[in-house]
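S.K.: Quick one: sequence and predicted model below, then my questions.
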Amino acid sequence: DIGMRLTKGDGVRQDFAAAVGWLKKAAGAGLADAQFVLGALHQQGKGAPKDPVQAVDWYRKAAEQGDAAAQFNLGVMFYAGEGVPQDDAEAAKWYRQAAERGYARAQHKLGLLYELGRGVPQDFVQAYVWFGLAAASFGAKGRDDGADAGGDRDKLKARMTPAQIVEAERLLKGFRARRR
């Protein structure tokens, strides 16, 4: 808690270097939130040396505990080849885990991978479904990113067959029903 408060300046002076020490104790005890924040601090070089390999290690620890933000960031690291060899399939794996937890940014990225056939087989139906879920998630949170996901879905729809659209809408409806 102290480490988190130090990173945000919540009731204390913001001090990333001091936060790292506290966060390492919490992360060592297995707290996924602390592991995620340590990954971000190492990725950004705040309070600790910029070290993408350390960032990946901390993100992976949090991601393996089911932290959707860490899963997404780990996917970003694999997609960009930052701290790890570039690997679209591994990026898709981590994006999918976060996307299935409802993480909208991961849903959008997974949709893009399906549209392009990067790390997964090209599949416009799956891309449409993930774009649709992301657009709905972003819209519910009042974020502008939803326009991008919705726009990507609409552009993709123009390239799909009527049968693909029907299948995508059926799958999207099923996903939404399970989420309620």
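M.R.: Yep, it's here.
S.K.: Not counting its neighbours along the chain, what's nearest Asp15?
M.R.: Take Asp15 and drop its neighbours on the chain: the residue closest to it by CB to CB, 6 or more residues apart in numbering is Leu6, 5.0 Å away. The C-beta positions use only the backbone N, C-alpha and C, and glycine is treated the same way.
S.K.: Enumerate every residue touching the one you found.
M.R.: Contacts for Leu6 (CB atoms under 8 Å, 6 or more residues apart in numbering) come out as 12, 14-16, 18-19, 22.
S.K.: Spatially, which two of these are the most separated?
M.R.: Using CB to CB, the two most remote members of the contacts of Leu6 are Gln14 and Trp22, lying 13.1 Å apart.
S.K.: ok, then the element right after the helix or strand hosting the residue nearest to Asp15?
M.R.: Element membership for Leu6, per DSSP states H and E: helix 2-8. Where DSSP H and E defines the elements, the next helix or strand beyond helix 2-8 is helix 16-28.
S.K.: Check which residues of the helix or strand just after that next one are buried.
M.R.: Using DSSP H and E, the helix or strand that follows helix 16-28 in sequence is helix 32-44. Within helix 32-44, the residues that count as buried by 16 or more other CB atoms under 10 Å are 32-43.
S.K.: picking that back up, and the helix holding Leu6, what's its mean pLDDT?
M.R.: Across helix 2-8, pLDDT averages out at 86.
S.K.: circling back: how about a markdown table for the buried residues of helix 32-44, with distance to Arg179 and pLDDT added?
M.R.: A markdown table is the format used below for the buried residues of helix 32-44 (distance: CB to CB, whole Å; pLDDT from 0 to 100):
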| residue | distance to Arg179 | pLDDT |
| --- | --- | --- |
| Ala32 | 23 | 97 |
| Asp33 | 24 | 95 |
| Ala34 | 29 | 95 |
| Gln35 | 27 | 97 |
| Phe36 | 24 | 96 |
| Val37 | 28 | 95 |
| Leu38 | 31 | 96 |
| Gly39 | 28 | 96 |
| Ala40 | 28 | 96 |
| Leu41 | 32 | 96 |
| His42 | 33 | 96 |
| Gln43 | 30 | 96 |
